[in-house]
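Enquirer: show me how the following folds:
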Amino acid sequence: MEAEEHPAHPWRARFVISCVMLLLGLIGLVIADFRHNGALLYWKWITPVYGALAISLSWYLHHRKEDFRPLHLLQEVFHWAAAVGGVYIFNMFVAIGIMARFEAALAVITILGLTTFLAGLYIESTLIIVGLLLGLFAAGVAIVDEYLYSIMIPLTIIAIVLLLWITKKKKKV
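Expert: Numbers count the residues shown, from 1 in each chain. Reported below is the predicted structural model:
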C-alpha cells in the first residue's frame, strides 16, 4: 500500500519552523548583546522550545508515512533531552561559581546550535542551516561585538532566503 500524500504543504512547515527558530535565535542574540546576564535565562527556556519545534516538525513530516517508527521519535526526544541536560549542567556551573552567566550563555547557544545541526542531519535538513547560524551567533557575540548586527542580521536574512529556496525546491521534488 502506498503512503497517503500529506494534504498540507510540508515545505511551509519546514520554512515556518526554521524561521521561528531563527527569529528566536536573533532575539537571543539581541538579549546577549544588551543584557549579558539575562541571556542565560533566555537560552535556558528556549532550548526546550527548540526541541519541541524540531520534534513537532519531525512528527508532522513523518507520522503519515509507512516507514514511520515511534522509536525514531523517541530518539529525537532523547536527543533534545540531552541538550536540556547540558543546559542544566551549565546552570549548575553558574550556581556553584565556576562559570559566569555570560560565558554559560555562550556555551548554551553553542550546545543548542550543535544539537539543532545534528537534528538537521536526521530530522530535516533545513535545521542544519539553523544550527550553523546559531553557532555563528555564539561566535559573533563572543568575538565581533562591535560589528555584531551588521554581520548577523544580513546572515539571518541570507539564511531565511536559503531556507525558502531549499523548501521550495523540496516542494517541486
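
Enquirer: only C-alpha atoms from now on, for both contacts and neighbour counts.
Expert: Noted.

Enquirer: least confident secondary structure element in this structure?
Expert: Comparing every helix and strand of the chain by mean pLDDT, DSSP states H and E singles out helix 148-172 as the least confident one, with a mean of 77.

Enquirer: gap between that one and the chain center?
Expert: Its chain's C-alpha centre lies 14 Å from the corresponding centre of helix 148-172 when counted by CA atoms, centre = their mean, to the nearest Å.

Enquirer: got the buried residues for it?
Expert: Neighbour-count burial for helix 148-172 flags 148-149, 152, 156, 159-160, 163-164, 166-168 (criterion: 16 or more other CA atoms under 10 Å).

Enquirer: okay, the residues you listed in TSV with distance to residue 17 next?
Expert: What follows is these, written out as TSV (distance: CA to CA, whole Å):
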residue	distance to residue 17
148	24
149	23
152	19
156	14
159	13
160	11
163	10
164	12
166	14
167	11
168	14
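
Enquirer: run through who's touching the least confident helix or strand of the chain.
Expert: 9-12, 14-15, 18-19, 22, 26, 126, 129-130, 133, 137, 140-141 (CA atoms under 8 Å, 6 or more residues apart in numbering).

Enquirer: at 10 Å what do you get?
Expert: Identification of contacts with helix 148-172 by CA atoms under 10 Å, 6 or more residues apart in numbering yields 9-16, 18-19, 22-23, 25-26, 29-30, 33, 125-127, 129-130, 132-134, 136-137, 139-142, 144, 173.
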